[in-house]
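Asks: next one to model:
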Amino acid sequence: MAPGTLKRIMDSPLYKQRISALQDQIDEKTTSRMASDPVREVLAGAALRAAQENVAFLDSSDDKIRQASIWDILDRAGYPKKQRSEIEHVTKIVLPEDSVRALGEALRECMDTKDES
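Replies: Numbers count the residues shown, from 1 in each chain. Got it, this is the predicted structure:
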């Protein structure tokens, strides 16, 4: 299907109406599942206390606990720790055979001269 045809379909009122209806169905199913999930209710009820405990750890005398709390709070507040990626570059140099031979001879001469000294 051509991109222009796809765009016309997606811009059509019928497509938008059907997508909206499907989204409403998904939202309704998700909401009803969440509302009837007893585990979610218990966790949601404990969320405020857990957040308060996490903030209280900022005053901990243990540096590791305090640092873990700091990073967790910053991450949850929308300031995640930057991920660092490492890239390894390998450069290969290809020399013509006669150049390698000449280099080898020059090195041997240097070594021979050094040994004679």
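
Asks: could you give the average pLDDT over stretch 108-116?
Replies: On average, the pLDDT along stretch 108-116 is 76.

Asks: now do the phi/psi pair for F57.
Replies: Phi and psi for F57, reported as degrees, to the nearest 10, are phi -60, psi -10.

Asks: okay, it: pLDDT?
Replies: In this prediction, F57 has a pLDDT value of 95.

Asks: likewise the one 10 residues further on?
Replies: At Q67 the predicted local confidence, pLDDT, stands at 94.

Asks: which of the helices or strands spans it?
Replies: Here Q67, judged by DSSP states H and E, is contained in helix 63-76.

Asks: so after that helix, what's the next helix or strand?
Replies: helix 97-116.

Asks: and that next one, C-alpha only, in CSV?
Replies: Output of helix 97-116 as CSV, limited to C-alpha atoms (Å, rounded to 0.1, in the frame of the first residue of the first chain):
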residue,chain,number,x,y,z
GLU,A,97,54.0,-6.9,1.1
ASP,A,98,57.1,-5.0,-0.1
SER,A,99,56.6,-2.3,2.5
VAL,A,100,56.3,-4.9,5.3
ARG,A,101,59.5,-6.6,4.0
ALA,A,102,61.3,-3.3,4.0
LEU,A,103,60.1,-2.4,7.5
GLY,A,104,61.2,-5.9,8.8
GLU,A,105,64.6,-5.4,7.3
ALA,A,106,64.9,-1.9,8.8
LEU,A,107,64.0,-3.3,12.2
ARG,A,108,66.5,-6.2,11.9
GLU,A,109,69.2,-3.7,11.0
CYS,A,110,68.3,-1.6,14.0
MET,A,111,68.4,-4.6,16.3
ASP,A,112,71.8,-5.8,14.8
THR,A,113,73.3,-2.3,15.2
LYS,A,114,72.0,-2.2,18.8
ASP,A,115,73.4,-5.7,19.6
GLU,A,116,76.9,-4.7,18.2
